[in-house]
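>>> With the input below, show me the fold.
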Amino acid sequence: MKDISGHATATPSEYATCVIRLLSNAQRSVEIFSPEMKPAVFSSIELVDAARDFILRSRNCEIRILLRSTAALTRNDHRFLHLIQRVSSRIGVR
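Residues are numbered from 1 along each chain as shown. Have a look, this model is predicted:
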């Protein structure tokens, strides 16, 4: 995996930390490409909280997510899916 600056990340935890940093520094829009939203990264409480805080910061804030497969997102109890369902007008998934 590569972090937002193009450097390799060794673990899902490091990748989640990079996404959290991206969300906390973003102004209006965050775009994420993920082959699948692995729960080890996107279902962490810290990342979901950072995404929620970003979305609630302003009515102009939005997150757009591009996936190859939604399988990991729709199975099990994925915390990010619950956030998407609560604020579907501000988080787009394709």
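
>>> low-scoring stretches of this protein, by residue?
1-9 (pLDDT under 70).

>>> Where do the helices of it begin and end?
12-25, 39-42, 45-57, 71-74, 79-86 (DSSP state H).

>>> tell me the most buried of these?
Greatest average neighbour count among these goes to helix 39-42 (a mean of 20), per mean count of other Cβ atoms under 10 Å. Any C-beta I mention is one placed from the backbone N, CA and C, and that applies to glycine too.

>>> who are the neighbours of that helix, in terms of helices and strands?
For helix 39-42, the elements it packs on are helix 12-25, judged by 3 or more Cβ pairs under 8 Å, 6 or more residues apart in numbering; DSSP states H and E.

>>> in stretch 31-39, what's buried?
32, 34, 37-39 (16 or more other Cβ atoms under 10 Å).

>>> how long is stretch 56-71 end to end?
Length of stretch 56-71, first residue to last, Cα to Cα, to the nearest Å: 27 Å.

>>> now what about it, what contacts it?
26, 28-37, 51, 54-55, 73, 90-94 (Cβ atoms under 8 Å, 6 or more residues apart in numbering).

>>> Recalculate using a threshold of 7 Å.
28-37, 51, 54-55, 73, 90-94 (Cβ atoms under 7 Å, 6 or more residues apart in numbering).

>>> circling back: between the buried residues of stretch 31-39, which sits nearest residue 84?
Using Cβ to Cβ, residue 37 is the member of the buried residues of stretch 31-39 that lies nearest residue 84, at 9.7 Å.
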